[in-house]
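Colleague: Pasting the sequence and the predicted model now:
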Amino acid sequence: SEATRNDLLWTKATPENLQLFAAKGDIAGVANILNVGQKADAESLIAATKGGHDEVLSLLLGMGDADPDPDPLEGGNQKPGYNTPMLAAIGRGNLAVIKLLLDQPGFNPTRRLYRDQTYFELSKERKAENWEEESELLKNAYDNYHKVRKHRKADLSSPRRPREKEKENKRPGRRESPSV
């Protein structure tokens, strides 16, 4: 087994320390805290995202049981427009981080969390490195999410209804019997 770094032996498993390690991209530090059972919070996800640390973000999502698509954080250190992991990722040119967030179950790429703009619209506005590819990635996720949702809604209709109609059509009609 791997030896634990000396500085990690005395590090308390607190959300603050998790955020510090996530911001630095310290995989061993993040893993050490998550192994103790500390859950990852939105602040830690944002810290890893801002640093472009996709491996740390992957650990936080996988081991830390974190919500990849939380509501925007109010107050604190995060300014509006950068207060969720995706909002913090957009405009930084780190496609691996954006892909990782988009691939998470339950992630909704159609949310409008800042100035009622879609993620791909924000990407076009921020125009960071690789912004065209970033915007296209976000736009495709947006379009695919709507397509999948439409197909699922059609599938959600009860399978019982068509079967009941089939049964009704197959049943022989009742014969009228004279009442006595």
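Modeller: Ah, there it is.
Colleague: Need the contact partners of the lengthiest helix in the chain.
Modeller: Within the chain, and with DSSP state H defining each element, the longest helix by residue count is helix 131-155. Outside of helix 131-155, the residues within contact range by C-beta atoms under 8 Å, 6 or more residues apart in numbering are 90-91, 93, 95, 98-99, 102, 108-110, 118-120, 123-124, 128. From N, CA and C alone the C-beta is placed, and that goes for glycine too.
Colleague: Skipping its backbone neighbours, what lies nearest R112 in space?
Modeller: Spatial nearest neighbour of R112, chain neighbours left out: T118 (6.0 Å); criterion: C-beta to C-beta, 6 or more residues apart in numbering.
Colleague: T118 and Y142, how far apart?
Modeller: Separation of T118 from Y142 (C-beta to C-beta, to the nearest Å): 6 Å.
Colleague: Are there residues contacting both of these two? Which ones?
Modeller: Shared contacts of T118 and Y142, defined by C-beta under 8 Å, 6+ apart, comprise T110.
Colleague: Helices along this structure, start to end?
Modeller: Listed in chain order, the helices found in the chain under DSSP H are 6-9, 15-24, 27-35, 42-50, 54-63, 85-89, 95-102, 119-126, 131-155, 160-170.
Colleague: want to throw those helices into JSON lines with distance to P70, mean neighbour count and mean pLDDT?
Modeller: Shown next, in JSON lines, are these (distance: least, C-beta to C-beta, whole Å; neighbours: other C-beta atoms under 10 Å; pLDDT from 0 to 100):
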{"stretch": "helix 6-9", "distance to P70": "27", "mean neighbour count": "10", "mean pLDDT": "80"}
{"stretch": "helix 15-24", "distance to P70": "14", "mean neighbour count": "20", "mean pLDDT": "94"}
{"stretch": "helix 27-35", "distance to P70": "17", "mean neighbour count": "20", "mean pLDDT": "93"}
{"stretch": "helix 42-50", "distance to P70": "4", "mean neighbour count": "26", "mean pLDDT": "95"}
{"stretch": "helix 54-63", "distance to P70": "12", "mean neighbour count": "21", "mean pLDDT": "95"}
{"stretch": "helix 85-89", "distance to P70": "7", "mean neighbour count": "27", "mean pLDDT": "96"}
{"stretch": "helix 95-102", "distance to P70": "11", "mean neighbour count": "20", "mean pLDDT": "96"}
{"stretch": "helix 119-126", "distance to P70": "15", "mean neighbour count": "20", "mean pLDDT": "94"}
{"stretch": "helix 131-155", "distance to P70": "17", "mean neighbour count": "14", "mean pLDDT": "81"}
{"stretch": "helix 160-170", "distance to P70": "37", "mean neighbour count": "9", "mean pLDDT": "54"}
